[in-house]
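Colleague: return atomic coordinates for the entry below.
(chains A and B)
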2 protein chains.
Amino acid sequence: MRAEIVAVGTELLLGQVIDTNSAMIAAKLTEIGVDCYYQSRVGDNHGRIVSVLRAALARCDAVIVCGGLGPTQDDITREAIAEVMGVDLVLDETVLAKVRSFFDRLGRQMPKNNERQALVPKGATVIEQQRGTAPGLICSLGHKVLYAMPGVPYELEDMLDRAVLPDLLRRSGSSTKIQSLVVRTWGLSESKLAETLAPEIERLDSEEGLTLAFLASGMEGLKVRATAKGQSDAEVNEMLVDERGRLEKILGDYIFGYDSETMESVVGDLLLAKGKTLSVAESLTGGMVSSKIVANPGASAYFRGGVVSYATEVKQTVLGARDLPVISSEMASEMAMGVKRVLQSDLGLSLTGVAGPETQEGNDPGTVWIGIGDGETSYTRLTLFGGDRERIRWYATMTALDLLRLYLKESPRFHA
Amino acid sequence: MRAEIVAVGTELLLGQVIDTNSAMIAAKLTEIGVDCYYQSRVGDNHGRIVSVLRAALARCDAVIVCGGLGPTQDDITREAIAEVMGVDLVLDETVLAKVRSFFDRLGRQMPKNNERQALVPKGATVIEQQRGTAPGLICSLGHKVLYAMPGVPYELEDMLDRAVLPDLLRRSGSSTKIQSLVVRTWGLSESKLAETLAPEIERLDSEEGLTLAFLASGMEGLKVRATAKGQSDAEVNEMLVDERGRLEKILGDYIFGYDSETMESVVGDLLLAKGKTLSVAESLTGGMVSSKIVANPGASAYFRGGVVSYATEVKQTVLGARDLPVISSEMASEMAMGVKRVLQSDLGLSLTGVAGPETQEGNDPGTVWIGIGDGETSYTRLTLFGGDRERIRWYATMTALDLLRLYLKESPRFHA
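Modeller: Okay, the predicted model is just below:
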């Protein structure tokens, strides 16, 4: 089975919007084993949309179109598809009622323009819209198929998962069930992670139904997605449980979470489970660690607050630290113990270091001391990061939270 | 003049990488008035790259290819271009010396693979690489042209600005000079900004050489780019100075900065100019405001630090606030005055409010009080934001910094 993705919208050609939809669709096609050799983008122009759709249909079995299904005169994907299918557009009363009820719920009159969204190429099947107004379309053309979905990412993703991928699988003659699990890691470089997982990826190559893929993931750590295919939900679920167990054996607590878990939600859950409260003293990160903790709803159950001791005197006057070198193990310790005492929490987490671009006290940018205070005891760790000011601050933030996680889990890696 | 963009790389088709390059190139083509009707993405496959390039060349005057110029066996854009041109690849000694010197500077031996990067289709002109190893290519095909650049965004952007756009302009028979100015705004909705600028955009429609465009800009405020074209640098520079003046008249201090200025750099410059130091007390934003201030290198000259008073008692014990309703003008005032006193700064900035998803003290998520303390005086403002927890916290952060900016500028809008 071979598919192509066509993104429609003049805003893409003007560079006003980055096309993230194609990557999202592509990743999901890869997971279900559908090949994709080309992707195209075209503006809101009838003739050019028609020619791109025809070229794509000539090359592959299934074309996935996103965008151009809105209510305005610029939204002409429906018309272009009708021309490619050689049929007329007809008003679908069920769709119209659905669009109208969307506005009713908002207590608003449906604009006349939105009637256009109820026009459906004759013979096409409607994908019900559950998040907005534009319905999706499944259009059979002989033994080929064309899917159309709105360009709004969260409407698109819903229709893709609910209707398009299952339909693609059905057409490919497969009754396969698919599920995936995202494993989130911190502390391994990209190449080290790849090297560590190489034997498992090789093993899976010779096994039906399970694949591992690395995901683009920015600064929130490296992600690996395990995808299982099988004949029933129970079967794929069991495959993923087994694979999760194997990955835990291989990666240990370099794995910090799964699927939608974040570093801050995982740390929050551990604090809750241990019944411990936390406060944070930050220097170079300037509030980034506190802010990330607060990003987790429910943080008020375990997070007391923090002190951003950016100026050196604040470390002394507010946190009661002694007059020590600022970038030192002792200062990290004094800050962690100080913030714990001043904010009356069980645990204190601290960071002091150099974000750059200048050196400080003879230390290079990226030199960061992290401290944890618990009762009468404090622990400190020196870490060195590369990159610019933003990257150093971000890595320090993630690493401090990860260190606290390892401490709370009583991981051997914390004491190593 | 009509151009097309072709992005090469199997990682794009697998959805592992989002193609931001095409949007960047597209935005710059739009600015210089080159039309782009199609964009394509294709994997690292010789036959398919050749067919995409041929299709693009048949449709337009200039094809811009990015990606596939690296040193590995997967990087086959060079070979595909040579086939499209009907020529051989030849080793370019100048390029080879340049690649070798890149490794010399790092104190490393050049891997044998990197020799491939010195292969150039016969008759092509090399675009010198100034940031990495892969050179770019300018390949004439009759009266058409094909440009190839590496896929690494910052290498690509450099070559695009330095060589490709000027060459495109030359070929289009134009000796036009182009410069642009980005205007950054905060406080106007997208539709309000569009409405406010509509008369100016209409006026410019009838004027040669100056255009305004709205840019995709995420949560850092709305951006407008003014682009001037003319016969000399002096002329376009003057056009932009004039346009900047007109935009300042129209938008007033809804404009917070220009080009690479950020909200935090602008606030920092104002604090420096006034010789005032700042500290911040945060509740719902949890350190985001402090962190944003610290993102500006040199913040230590004016930023003392902050207190994240997330738990209510911290507002009292650390900041010395009275036992008042937490979401109130009085609390914002006490926090601003308290943090100023405790951290010994000239100014205090405070935020207290509801990030959600739950209501607090009967206040809906998005209800936020912002306070500014200066000397014996405090000012507070109530703001209401929509959206989820992250968006509310982010908008509160930007709005608090913007309010401080208006205060420091003594803007009439601050007192309105």
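
Colleague: look up the pLDDT of A:Glu79 for me, please.
Modeller: For A:Glu79, the model assigns a pLDDT of 97.

Colleague: just the element for it, please.
Modeller: helix A:77-85 (DSSP states H and E).

Colleague: show me what that helix is packed up against.
Modeller: helix A:46-59, strand A:89-91, strand A:119-121, strand A:136-141, strand A:144-149 (3 or more C-beta pairs under 8 Å, 6 or more residues apart in numbering or on different chains; DSSP states H and E). Heads up, the C-betas are built off the backbone N, CA and C, glycines and all.

Colleague: now do that helix: everything it contacts.
Modeller: A:8, A:46, A:49-50, A:53-54, A:57, A:65, A:67-69, A:88-89, A:116, A:119-124, A:137, A:139, A:141, A:146, A:148 (C-beta atoms under 8 Å, 6 or more residues apart in numbering or on different chains).

Colleague: send the alpha carbons of that helix over as CSV?
Modeller: C-alpha atoms of helix A:77-85 as CSV (Å, rounded to 0.1, in the frame of the first residue of the first chain):
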residue,chain,number,x,y,z
THR,A,77,-10.7,21.4,-1.9
ARG,A,78,-14.3,20.0,-2.1
GLU,A,79,-14.7,21.5,-5.6
ALA,A,80,-11.3,20.2,-6.8
ILE,A,81,-12.1,16.7,-5.5
ALA,A,82,-15.5,16.7,-7.2
GLU,A,83,-13.7,17.6,-10.5
VAL,A,84,-11.1,14.8,-10.0
MET,A,85,-13.9,12.3,-9.3
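
Colleague: give me the neighbour count for A:Asp35.
Modeller: Burial of A:Asp35 is recorded as 14 neighbouring residues (other C-beta atoms under 10 Å in any protein chain shown).

Colleague: can you report phi and psi for the closest residue to it other than its chain neighbours?
Modeller: Counting by C-beta to C-beta, 6 or more residues apart in numbering or on different chains, A:Asp35 lies nearest to A:Arg2, which is 4.9 Å off, once chain neighbours are set aside. Phi and psi for A:Arg2, reported as degrees, to the nearest 10, are phi -130, psi 130.

Colleague: surely A:Arg2 touches A:Ala62?
Modeller: Yes. Between A:Arg2 and A:Ala62 there is a contact under C-beta atoms under 8 Å: 7.4 Å.

Colleague: so between those two, which is more surrounded?
Modeller: A:Ala62 (23 against 13).

Colleague: remind me what the helix or strand hosting A:Ala332 packs against, helices and strands.
Modeller: Taking DSSP H and E as the definition, A:Ala332 sits inside helix A:329-342. Applying 3+ C-beta pairs under 8 Å, 6+ apart, we find helix A:329-342 packed against strand A:278-282, strand A:303-308, helix A:312-317, strand A:347-353, strand A:367-374, strand A:377-384.

Colleague: redo these as a markdown table? Include mean neighbour count.
Modeller: Formatted as a markdown table, these follow (neighbours: other C-beta atoms under 10 Å in any protein chain shown):
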| stretch | mean neighbour count |
| --- | --- |
| strand A:278-282 | 32 |
| strand A:303-308 | 31 |
| helix A:312-317 | 19 |
| strand A:347-353 | 29 |
| strand A:367-374 | 25 |
| strand A:377-384 | 16 |
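
Colleague: any chance of those in a markdown table, plus distance to B:Arg78?
Modeller: Output for the helices and strands packed on helix A:329-342, formatted as a markdown table (distance: least, C-beta to C-beta, whole Å):
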| stretch | distance to B:Arg78 |
| --- | --- |
| strand A:278-282 | 49 |
| strand A:303-308 | 51 |
| helix A:312-317 | 55 |
| strand A:347-353 | 44 |
| strand A:367-374 | 42 |
| strand A:377-384 | 38 |
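
Colleague: can you put the ones you listed in TSV and add distance to chain B?
Modeller: Below are the helices and strands packed on helix A:329-342 laid out as TSV (distance: least, C-beta to the nearest C-beta, whole Å):
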stretch	distance to chain B
strand A:278-282	7
strand A:303-308	4
helix A:312-317	4
strand A:347-353	12
strand A:367-374	14
strand A:377-384	18
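
Colleague: make JSON lines out of the ones you listed and add mean pLDDT.
Modeller: Listed next are the helices and strands packed on helix A:329-342 as JSON lines, based on pLDDT from 0 to 100:
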{"stretch": "strand A:278-282", "mean pLDDT": "98"}
{"stretch": "strand A:303-308", "mean pLDDT": "98"}
{"stretch": "helix A:312-317", "mean pLDDT": "95"}
{"stretch": "strand A:347-353", "mean pLDDT": "98"}
{"stretch": "strand A:367-374", "mean pLDDT": "98"}
{"stretch": "strand A:377-384", "mean pLDDT": "96"}
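
Colleague: of all the ones you listed, which one is nearest B:Ile392?
Modeller: strand A:303-308 (17.5 Å; C-beta to C-beta).

Colleague: off-centre distance for the closest one?
Modeller: 27 Å (C-alpha atoms, centre = their mean, to the nearest Å).

Colleague: other SSEs contacting that strand?
Modeller: Going by 3+ C-beta pairs under 8 Å, 6+ apart, strand A:303-308 lies up against strand A:278-282, helix A:288-294, helix A:329-342, helix B:288-294, strand B:303-308, helix B:312-317.

Colleague: could you give me the average pLDDT of the second one?
Modeller: Per-residue confidence for helix A:288-294 averages out to 98 on the pLDDT scale.

Colleague: quick check: buried residues in it?
Modeller: A:Met288, A:Val289, A:Ser290, A:Ser291, A:Lys292, A:Ile293, A:Val294 (16 or more other C-beta atoms under 10 Å in any protein chain shown).

Colleague: distance to chain B added to those, as a markdown table?
Modeller: Output for those, formatted as a markdown table (distance: C-beta to the nearest C-beta, whole Å):
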| residue | distance to chain B |
| --- | --- |
| A:Met288 | 4 |
| A:Val289 | 7 |
| A:Ser290 | 3 |
| A:Ser291 | 4 |
| A:Lys292 | 8 |
| A:Ile293 | 7 |
| A:Val294 | 3 |
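
Colleague: what does the stretch 151-300 of chain A have sitting close to chain B?
Modeller: Contact residues, the stretch 151-300 of chain A versus chain B (C-beta under 8 Å from any C-beta of the partner chain): A:213-216, A:280, A:282, A:284-291, A:293-295, A:297, A:299-300.

Colleague: contacts only, for the residue of chain A most remote from its centre.
Modeller: Centroid-distance maximum for chain A: A:Asp323 at 43.1 Å, with C-alpha atoms, centre = their mean. Counting by C-beta under 8 Å, 6+ apart, A:Asp323 makes contact with A:Gln316.

Colleague: in chain A, where is pLDDT below threshold?
Modeller: A:215-218 (pLDDT under 70).

Colleague: go with 80
Modeller: A:16, A:72, A:106, A:173-178, A:190-191, A:207-208, A:213-219, A:416 (pLDDT under 80).

Colleague: would you map out the domains in it?
Modeller: Following automatic domain parsing, one finds the domains of chain A at A:2-171, A:177-258, A:263-415.

Colleague: need the contact list for whichever residue of the stretch 51-200 of chain A sits closest to chain B.
Modeller: Using C-beta to the nearest C-beta, the single residue of the stretch 51-200 of chain A nearest to chain B is A:Val52, 7.0 Å away. For A:Val52, the contact set (C-beta under 8 Å, 6+ apart) comprises A:Val6, A:Ser40, A:Val42, B:Tyr38.

Colleague: ok, A:Ile127 touching A:Cys139?
Modeller: No. Under the criterion of C-beta under 8 Å, A:Ile127 is not in contact with A:Cys139, lying 10.7 Å apart.

Colleague: no further questions, thank you.
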